[in-house]
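# need a structure here:
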Amino acid sequence: MPSNKNKKGSTLVEVLVSFAILTTTGVMLMGYLYPNKVTQKVWVDDYGNYLSKLNLYLNEDLQKDTMIVHTDSLGVLWETLINAQTVGDETCYKATSIRNKTDTTRTLYKCEYRRMK
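Numbering: from 1, shown residues only. Just a heads-up that it's a prediction; the model follows:
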């Protein structure tokens, strides 16, 4: 009976497993290096929402029709437009972040109630 020690090469199962590992790694790498438009839109909306929250809740002296300019880590220009509207004892602020003067994110609102003296 011949021995298996002298056989060289790889089996079909080994080749298929290595191909599956390389394919999976390649797909993950392509998704990371080349994000699609949906992934980019989600990032823009999330970061714009974050900027709007920061500007609404951390700035105490918000005024009517204010524009706050911010540059992110990639060098992209963001503008957050804040509009204020006062009716009686209620002041409502509306913040919208815009990226490169084209990509607009959702608008966030903040209302404050003050007693009139």
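
# now for this protein, the helix or strand with the poorest mean pLDDT.
Across the helices and strands of the chain, mean confidence by mean pLDDT, DSSP states H and E is lowest for strand 103-104: a mean of 75.

# what residues does that strand touch?
Contacts to strand 103-104, defined as CB atoms under 8 Å, 6 or more residues apart in numbering, come from residues Val44, Gly48, Thr96, Ser97, Ile98. (Glycine included, C-beta is placed from N, CA and C.)

# next one: phi and psi at Thr66?
Thr66 has phi and psi values of phi -100, psi 140 when expressed as degrees, to the nearest 10.

# repeat that for Asn55.
Here is the backbone geometry of Asn55 (degrees, to the nearest 10): phi -70, psi -30.

# list the contacts of it.
Neighbouring residues of Asn55 by CB under 8 Å, 6+ apart: Ile68, Thr80, Ile82, Ala95.

# compare those residues and tell me which is most surrounded.
Neighbour counts for the contacts of Asn55 (other CB atoms under 10 Å) peak at Ala95, which has 27 neighbours.
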